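>>> with the sequence up front, the predicted model follows.
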Amino acid sequence: MRAIGIGILGLIGGLLLAVILQDLLAPLLIDDTGSASILGKLLGTMMPAFGIVGTGLAIWIDRRRRRNAGDRSEGELEDR
């Protein structure tokens, strides 16, 4: 259940990052005619991509942090 919660937080974080980047990059990627350039059309794929990357990254960071915390607690028990 923890991984699901962390994954949802990562998904929300990735989506928010995509929205911010889209807002910053959209004016730069519009042609002189007012239509989106080829790179501008790629902005539409940023939200799902960043959502997936955010989910995976959050779960990976959580598992790594939990593993390192477990190594430290085992080492403290051996020192006693």
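Alright, I've got the coordinates. Numbering: from 1, shown residues only.
>>> what about stretch 38-46, how long is it end to end?
14 Å (CA to CA, to the nearest Å).
>>> kindly report the same for stretch 18-38.
Note: stretch 18-38 ends 18 Å apart using CA to CA.
>>> show me what that stretch is in contact with.
39, 40, 43, 46, 47, 49, 50, 51 (CB atoms under 8 Å, 6 or more residues apart in numbering). Placement of C-beta: from N, CA and C, glycine included.
>>> what's the neighbour count on residue 49?
12 (other CB atoms under 10 Å).
>>> ok, it - contacts?
Per CB under 8 Å, 6+ apart, neighbours of residue 49: residue 18.
>>> flag every buried residue along the helix or strand containing it.
Secondary structure from DSSP states H and E places residue 49 in helix 46-79. Within helix 46-79, the residues that count as buried by 16 or more other CB atoms under 10 Å are 46, 47, 50, 51, 53, 54, 55, 58, 59, 62.
>>> again, but for stretch 10-30
10, 11, 13, 14, 15, 17, 18, 22.
>>> and these, which is closest to residue 69?
residue 10 (18.9 Å; CB to CB).
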